[in-house]
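Participant: pasting the structure only:
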Ligand code: SF4
């Protein structure tokens, strides 16, 4: 029997008097770790295949009773409940996942966005977020809890019950670099060819870039990296997001170190009168002039969250200006805004229906 340390990301937080061997969360294990627990490569393969299909191996009829019994002694299941399931007019689905068996208040929102072929699931990495970006409802919650790896993987498992999933984006509630170990473990499980089997290029970790040191940790991941930049000018950016201690140029250099020759995806939420002027587009173009790799802009008109800030009407003009400077630029269509499932609108309690006022820009 192998020793199981409490640092295992599949385990609950330290401080709870539980028996480690009984508390291994199945969804937080890589295929290798599961093989070790089940003491059989064949059993582990069978279980991971069933998990990747969005099914529960504890009750799946095609999993032999002996394997199910072994699972029951070697692992446990992530306690959860679907507290709400909304479907927007455009087909976007939002799940409110209640994880609060271990600690009250652990609720997160997960969004499943259908596309023509396969769907994208937007997962949360934290309950709330301490970064407090001014256009984001999640930021008004403050940080309440970090999620464990199994709680992140659970969201993809639940999404696979709704639709075939091709892409996973860490753009839900929370700043992934503020909960890096759990996010890293979840990406290992999701991209493992014997796990959920997602192509690394179909998994994107999106971050505001809390510091150059934090950004450099992304080098440990195989996934795509997206920078929620929003403005190239330090003063303009400081009025939009809550994290602006480090100069944009230093963060940019760290992102380039991490992505190497892969493209760097840069997200810009356009807010009326705040960061949508021609000079803001030109500042972005200057910041990435002579970049060592391809930079791709993704523009998103801000989604209303009930405060004084509003969506820019200049998205097309802004995109044209970046394209004229030679940058690939796409505009993300707002999805699911009639069920508050759009970017920046996630807030995991019924209080979402009376959105708190955010600080003005
Ligand atoms: S935009 Fe992201 S980093 Fe900013 S407050 Fe919202 S969840 Fe946190």
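Facilitator: Here it is on my side, so go on. It should be emphasised that the depicted structure is a prediction, and the values quoted were computed from it without experimental measurement. Numbers count the residues shown, from 1 in each chain.

Participant: C-alpha from now on. contacts and neighbour counts both.
Facilitator: Fine.

Participant: spell out the secondary structure type for the closest residue to the ligand within the chain.
Facilitator: Going by CA to the nearest ligand atom, the ligand is nearest to residue 139 of the chain, at 3.6 Å. Three-state call for residue 139 (DSSP: H, G, I helix; E, B strand; the rest coil): helix.

Participant: remind me which helix or strand the residue nearest to it when sequence neighbours are not counted belongs to.
Facilitator: Leaving aside its chain neighbours, residue 139 sits nearest to residue 132 (3.8 Å; criterion: CA to CA, 6 or more residues apart in numbering). Under the criterion DSSP states H and E, no helix or strand holds residue 132.

Participant: which residues touch the residue of the chain closest to the ligand?
Facilitator: For residue 139, the contact set (CA atoms under 8 Å, 6 or more residues apart in numbering) comprises 128, 129, 130, 131, 132, 133.

Participant: most surrounded residue in those residues?
Facilitator: residue 128 (28 neighbours; other CA atoms under 10 Å).

Participant: show me what the residue most central in space within the chain bridges to in the sheet.
Facilitator: Centroid-nearest residue in the chain: residue 170, 1.6 Å away (criterion: CA atoms, centre = their mean). Per DSSP bridges, the residues bridged to residue 170 are residue 205.

Participant: now do the contacts for it.
Facilitator: 122, 123, 124, 125, 176, 203, 204, 205, 206.

Participant: which parts of the protein sit against the ligand?
Facilitator: Contact residues, the chain versus the ligand (CA under 6 Å from any ligand atom): 129, 131, 132, 133, 136, 138, 139, 173, 174, 175, 208, 344.

Participant: how close does the residue nearest to the centre of the chain sit to residue 248?
Facilitator: According to CA to CA, to the nearest Å, residue 170 stands 21 Å off from residue 248.

Participant: kindly report the same for residue 117.
Facilitator: 37 Å.

Participant: which of the residues in the lengthiest helix in the chain are buried?
Facilitator: Secondary structure of the chain per DSSP state H: the longest helix is helix 149-162. For helix 149-162, a neighbour-count test (16 or more other CA atoms under 10 Å) marks 149, 150, 151, 152, 153, 154, 155, 156, 157, 158, 159, 160 as buried.

Participant: can you put the residues you listed in a markdown table and add pLDDT?
Facilitator: Compiled in a markdown table, the buried residues of helix 149-162 are given as follows (pLDDT from 0 to 100):
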| residue | pLDDT |
| --- | --- |
| 149 | 97 |
| 150 | 96 |
| 151 | 96 |
| 152 | 98 |
| 153 | 98 |
| 154 | 97 |
| 155 | 97 |
| 156 | 97 |
| 157 | 97 |
| 158 | 97 |
| 159 | 96 |
| 160 | 95 |
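
Participant: closest to residue 306 among those?
Facilitator: Ranked by distance to residue 306 (CA to CA), the buried residues of helix 149-162 are led by residue 155 at 26.9 Å.

Participant: list the contacts for the closest one?
Facilitator: So residue 155 contacts 110, 123 (CA under 8 Å, 6+ apart).

Participant: what do you get for residue 228?
Facilitator: Listed by CA under 8 Å, 6+ apart, the contact partners of residue 228 are 206, 207, 208, 209, 266, 267, 268.

Participant: quick one, helices of this structure?
Facilitator: Going by DSSP H, the chain shows helices at 31-38, 41-52, 65-74, 149-162, 180-191, 212-216, 234-238, 248-259, 278-287, 315-324.

Participant: got TSV for the ones you listed, with distance to residue 333 too?
Facilitator: As requested, those are exported to TSV (distance: least, CA to CA, whole Å):
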stretch	distance to residue 333
helix 31-38	36
helix 41-52	29
helix 65-74	43
helix 149-162	21
helix 180-191	26
helix 212-216	27
helix 234-238	23
helix 248-259	26
helix 278-287	19
helix 315-324	11
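
Participant: quick check: which of the ones you listed is nearest to residue 84?
Facilitator: Closest approach to residue 84 among the helices of the chain (CA to CA): helix 149-162, 12.8 Å.

Participant: tilt between the closest one and helix 41-52?
Facilitator: 60 degrees (axes from the mean of the first three to the mean of the last three CA atoms, to 10 degrees).

Participant: so which of the contacts of residue 228 wins on neighbours?
Facilitator: Neighbour-wise, those (other CA under 10 Å) top out at residue 209, 26 neighbours.

Participant: surely that residue meets residue 225?
Facilitator: No: the criterion here is CA atoms under 8 Å, and residue 209 misses it with residue 225 at 10.6 Å.

Participant: quick one, which of residue 117 and residue 248 is more surrounded?
Facilitator: Ranked by neighbour count (other CA under 10 Å), residue 117 and residue 248 place residue 248 first, with 20 against 8.

Participant: the more buried one reaches residue 234, doesn't it?
Facilitator: Yes: using CA under 8 Å, residue 248 is in contact with residue 234, at 6.3 Å.

Participant: mind jotting down where the strands sit in the stretch 1-150 of the chain?
Facilitator: Listed in chain order, the strands of the stretch 1-150 of the chain (DSSP state E, counting those that start in this stretch) span 81-87, 93-98, 107-113, 119-122, 126-129, 142-146.

Participant: put together a markdown table for the ones you listed, with mean pLDDT on each row.
Facilitator: Converted to a markdown table, the strands of the stretch 1-150 of the chain look like this (pLDDT from 0 to 100):
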| stretch | mean pLDDT |
| --- | --- |
| strand 81-87 | 94 |
| strand 93-98 | 94 |
| strand 107-113 | 93 |
| strand 119-122 | 96 |
| strand 126-129 | 94 |
| strand 142-146 | 93 |
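
Participant: reformat the ones you listed as CSV; add distance to residue 333.
Facilitator: Below are the strands of the stretch 1-150 of the chain laid out as CSV (distance: least, CA to CA, whole Å):
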stretch, distance to residue 333
strand 81-87, 17
strand 93-98, 15
strand 107-113, 11
strand 119-122, 14
strand 126-129, 24
strand 142-146, 27
